[in-house]
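In: sequence first, predicted coordinates after that:
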Amino acid sequence: MEELNEGAEAANPFEDRYERIQEVARTVAYHELLMESLREKCLYEKVAKEDDTQVYKTWYNFMVYMQTQIAFRQELNKEASDRGFEFLDIDAEEIEKCVNNSFDIAGDYQSDNRILREDRAWQNLQQIHTHPAISINN
């Protein structure tokens, strides 16, 4: 094992992975990023209803899986999410139904969205005025 000289910094084993994730993030359309955030929130809600003792474990495992997909496959899309749900034995169609039904007009992505509306209300309650993402836990 290589010794560090005084003042030398240790190599970060996650640096390349982080850079790849950032690179993919720059190429993903805002619509796809929003839809992924809604899928994540629906996953959280689904697991919380079924067994709130498993919600963080399941959600965290999904997030780790997705980071791996982004870093190594360089993709962030519904197909990657569906593979993540399959990996965790979660019904992807149920998650997609939740996403579609979260819009006031189901499947109309231009209509108001319950999840986003609730998230904005929570942000206002907490006096968070700049918030770049959907809140998963409160």
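Out: Thanks, I have it. Residues are numbered from 1 along each chain as shown.
In: where does the protein have low pLDDT?
Out: For the chain, residues meeting the criterion pLDDT under 70 lie at 1-29, 71, 130-138.
In: check whether residue 114 really touches residue 105, as I assumed.
Out: No. Counting by Cβ atoms under 8 Å, residue 114 sits too far from residue 105 to count as a contact (11.5 Å). C-betas here are computed from N, CA, C, even on glycine.
In: between these two, tell me which one has more neighbours.
Out: Using other Cβ atoms under 10 Å, the more surrounded residue of residue 114 and residue 105 is residue 114, with 13 against 10.
In: for the more buried one, what are its contacts?
Out: Neighbour list for residue 114: 102, 103, 104 [criterion: Cβ atoms under 8 Å, 6 or more residues apart in numbering].
In: okay, now the last one: neighbour count?
Out: The number of residues packed around residue 104, counting by other Cβ under 10 Å, is 12.
In: state the distance from it to residue 117.
Out: To residue 117, residue 104 is 9 Å away according to Cβ to Cβ, to the nearest Å.
In: between the two ends of stretch 65-74, how far is it?
Out: Chord length of stretch 65-74, first to last residue, is 13 Å (Cα to Cα, to the nearest Å).
In: helix, strand, or coil at the closest residue in space to residue 54 that isn't next to it in sequence?
Out: Leaving aside its sequence neighbours, residue 54 sits nearest to residue 47 (Cβ to Cβ, 6 or more residues apart in numbering; 5.9 Å). What DSSP: H, G, I helix; E, B strand; the rest coil gives for residue 47 is helix.
In: so residue 47 is in contact with residue 60, correct?
Out: No. Applying Cβ under 8 Å as the test, residue 47 and residue 60 come out as separate, 10.7 Å apart.
In: fine by me, thanks again.
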